[in-house]
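K.L.:
The sequence and its predicted three-dimensional model are supplied below.
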Amino acid sequence: MDFTIKTMADYAAEGKSPEVLFWVGCAGSFDDRAKKITKAFCKILNKIGVEFAVLGQEESCTGDPAKRAGNEFVFQMMAMTNIEVLNAYDVKKIVTACPHCFNTLKNEYPNLGGNYEVIHHTQFLKQLMNEGRLKIEGGAFKGKKITFHDPCYLGRANGEYEAPRMLLEKLDAELVEMKRCKTNGLCCGAGGAQMFKEPEKGNKDINVERTEEALSFEPKIIATGCPFCNTMLTDGVKHFNKNTEVEVKDIVELLAEAEDL
Amino acid sequence: MQYLDNIIFLILLVAGFGLFGKSLFKIYRNIRLGREINRSDRKPERWETMARVAMGQSRMVKRPVAGILHLFVYVGFVIINIELLEIIVDGIFGTHRFLATIFGHTFYNIFTATLEVLAILVIIGVVLFFIRRNFYGVKRLTMKELFGWPKNDANWILIIEFALMVAFFSMNSSDLILQKRGVLAEHGSFPISQITLVPFLEIFNFDSGFLVFVERFAWWFHFVGILFFMNYLYYSKHLHIILAFPSTWYANLDLYGKFNNLDSVTAEIKLMMDPNADPYAAPAEGAVAEAPSKFGAEDVFDLNQVQLLNAYSCTECGRCTSVCPANITGKKLSPRLILMKTRDRLEEVGRNIDKNGKFEDDGKKLLNDYITKEELWACTTCNACTEACPVLLDPLSIIFEMRRFLVMEQSAAPQELNLMMTNVENNAAPWQYNQADRLNWAND
């Protein structure tokens, strides 16, 4: 990165607090592909001058995969630890690029004592755009065919379908909807801790089924808003040997590209 | 002997409703075997949800063909049952078309004409449903999991409804001819009978005695049919016509993504994290020793009452299964089967209680004997099933509770998930990375 990423501890040391805490998440921190999403998001925030911080070494898994696998103990241990850290910094607003972190922080932390305004990065970017702080000109994508895959934990689980689409429309691209979209969206196959295990026996893998549908529209780009969907669909595209023709990209990466960041 | 009809009628009526009440009580008793759950909050929202989803059928029309046909049958069923009121009064007091005297001429004409239109829509609905289910090959209706009773049950319902409507038209048609001949007083308007069955019957020029017999036979058939149908409900997926209402009222109103946090675990973790807590402290004076609780669900007793109500309310339409990503890709999981198996087990427990007075251990459990681990671990918790259900049932919550049991009581997660959970616990990430490396990306 050609600028410094500040942590909450840095801000606290200066006696200040940032506008928003960027919750990076495990995938965004460690997964090589997802790190690119993290960086793209930081670049955009940096460009338009949003003061943000990350927790860095103080961040832990939100506990989502453990919870959905059925391990309430591990989940609550992570949750309580995170809440202690967040409350110690008096965090008010959290943005994250992972719908699983987003869902857990927003819906499952409050009754454990963690009350924050939690938003998904697409919602945050939409806010910034509505406030006139973020301007996007999508010349690079003009006329390119893009299809958006709804992450279950952003869409069905939390009812957010519009923010990602609104951002994509700003790119002047040709947005095509899959038959299974919005409330009828099909899972990428990673949710509910499936990411961390082999799938049960069946005819095919879920990500292959989903990618097949996306590829049937012959898009240039499959857009996502979740690092796990990103991995699953990237694997799906490779399965069909289409990885030279079709890119799987997070929306924030597309915006960063449009801005040539 | 003059009152023989009335007496037989009354006996049938009392027996029919009595048996039905007994079935309903059994369902109520079985549902009460589950854990209590507080879903009496946000009442206005609950009434609104029930009105919109159960009465208003708002989710049925997402699949327009099935939705509209279902609407025909549903509206017809509800309104035609107003006629049951007339049948009961006529049957007890030996009157004929009693409502005519109350409604007045014009309104009774409108009433009977409306019923006829609705009845023909019901016939259209059930005939198309029958064709669709048996010959058209809608995948979710022809899946192997429905073979046997569920399939036959579905067909029986359609056949019974068809027969009831045919009896209704036979009754009206013979009545109308008799009215024209002056044998019966003129009451009502029967536009559909007038153009269909009446001209057909008139060809044969039956004598009035025979027509009186047909009218009476159809009337009795209709009445006995309704009583039979009502009592058949208990053995059928058709129970949803009643239980869809409480199921939607008690539905989960939270966002789909919000899974409940176990309070017992919260207390434990707080104790763990509190540096001043004394883990060996004796319980407070007078504190009642809590019954040892179980994490998650192994059997129907561990599920909550709304989940058990859901199991009885499921009409096996399979909209959930047809959108389940695991099922679509050939895995064993079927959300519909989760509910059906829960109900089967609950019914088995109910029969056990009927026989023994209380539940005697039968060596079986919902887990493994009915629902396998393979099904449970195939779920991506994507909520497509809950979104698809026309009456807001929640098969995912059952899957989730059973996973909790597998993990927290039996430590029986798949090995890879154990590894993931260990990583989360030790490294604060699902992968084996060092927490100290979390910000490395910033310096790449």
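P.N.:
That came through, no problem. The structure presented is a predicted model; accordingly, all values stated were derived computationally and were not measured. Numbering: from 1, shown residues only, chains lettered A, B, ... in the order given.
K.L.:
Flag the shaky bits of chain B, pLDDT-wise.
P.N.:
Counting by pLDDT under 70, the low-confidence segments of chain B come to B:1-2, B:279, B:282-292.
K.L.:
what residue is smack in the middle of it?
P.N.:
residue B:313 (2.2 Å; CA atoms, centre = their mean).
K.L.:
wait, doesn't that one sit right on residue B:240?
P.N.:
Yes: proximity of residue B:313 to residue B:240 meets the contact threshold set by CB atoms under 8 Å, at 5.3 Å. (Each C-beta comes from the backbone N, C-alpha and C, glycine too.)
K.L.:
what is in contact with the two at once?
P.N.:
Here residue B:313 and residue B:240 share the contacting residues residue B:391, scored by CB atoms under 8 Å, 6 or more residues apart in numbering or on different chains.
K.L.:
who are the neighbours in contact with residue 23?
P.N.:
Since you didn't name a chain, this refers to chain A. A:54, A:55, A:59, A:62, A:94, A:95, A:96, A:98, A:101, A:105 are the contacts of residue A:23 under CB under 8 Å, 6+ apart.
K.L.:
Chain B, not that one
P.N.:
B:231, B:233, B:234.
K.L.:
quick one: the first one and residue B:18 touch, right?
P.N.:
No: in this structure, residue B:231 sits apart from residue B:18 without contact. The criterion is CB under 8 Å, and the distance is 9.8 Å.
K.L.:
More neighbours: which of the two?
P.N.:
Ranked by neighbour count (other CB atoms under 10 Å in any protein chain shown), residue B:231 and residue B:18 place residue B:231 first, with 18 against 10.
K.L.:
Can you verify residue A:222 is assigned to a strand?
P.N.:
Yes: assessed by DSSP: H, G, I helix; E, B strand; the rest coil, residue A:222 belongs to a strand.
K.L.:
all helices of the stretch 301-444 of chain B, in order?
P.N.:
In the stretch 301-444 of chain B, the helices defined using DSSP state H, counting those that start in this stretch lie at B:305-313, B:319-323, B:325-328, B:335-356, B:366-369, B:373-377, B:384-388, B:395-404, B:415-427.
K.L.:
Only the buried residues of the last one, if you could.
P.N.:
Put plainly, it is helix B:415-427. B:417, B:418, B:419, B:420, B:421, B:423, B:424, B:425, B:427 (16 or more other CB atoms under 10 Å in any protein chain shown).
K.L.:
separation between residue B:15 and residue B:107?
P.N.:
Going from residue B:15 to residue B:107 by CB to CB, to the nearest Å gives 33 Å.
K.L.:
Please name the nearest non-neighbouring residue to the spatially most central residue of chain A.
P.N.:
By CA atoms, centre = their mean, chain A has its centre lying nearest to residue A:97, at 2.9 Å. Using CB to CB, 6 or more residues apart in numbering or on different chains and skipping the chain neighbours, the partner closest in space to residue A:97 is residue A:121 (4.4 Å).
K.L.:
Any figure for the gap between that neighbour and chain B?
P.N.:
Distance, residue A:121 to chain B, using CB to the nearest CB, to the nearest Å: 16 Å.
K.L.:
Who are the contact partners of that residue?
P.N.:
So residue A:121 contacts A:41, A:95, A:96, A:97, A:225, A:251, A:252 (CB under 8 Å, 6+ apart).
K.L.:
moving C-terminal of the host helix or strand of the second one, what's the next helix or strand?
P.N.:
When elements are defined using DSSP states H and E, residue A:95 is found to belong to strand A:93-96. Tracing the chain past strand A:93-96, the next element assigned as helix or strand by DSSP H and E is helix A:99-103.
K.L.:
Contacts for that following helix next, please.
P.N.:
Everything outside helix A:99-103 that qualifies as a contact, by CB under 8 Å, 6+ apart, is A:23, A:25, A:62, A:64-65, A:96, A:118-120, A:151-154, A:157-158, A:191, A:225-226, A:228, B:257-258.
K.L.:
Show me which positions of that helix end up buried.
P.N.:
Applying 16+ other CB under 10 Å to helix A:99-103 flags A:99, A:100, A:101, A:102, A:103 as buried.
K.L.:
any idea of the mean pLDDT for it?
P.N.:
Mean pLDDT, helix A:99-103: 98.
K.L.:
partners of the helix or strand following that helix in the sheet?
P.N.:
Once the chain leaves helix A:99-103, the next helix or strand it forms, by DSSP H and E, is strand A:117-120. The pairing partners recorded for strand A:117-120 under DSSP bridges are strand A:93-96 (parallel).
K.L.:
Any buried residues in the partner strand, and which?
P.N.:
A:94, A:95, A:96.
K.L.:
now swap in stretch B:94-102 and tell me
P.N.:
B:97, B:98, B:99, B:100.
K.L.:
could you redo the residues you listed as a markdown table and give each row secondary structure and distance to chain A?
P.N.:
As requested, those are exported to a markdown table (DSSP: H, G, I helix; E, B strand; the rest coil; distance: CB to the nearest CB, whole Å):
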| residue | secondary structure | distance to chain A |
| --- | --- | --- |
| B:97 | coil | 48 |
| B:98 | coil | 48 |
| B:99 | helix | 44 |
| B:100 | helix | 48 |
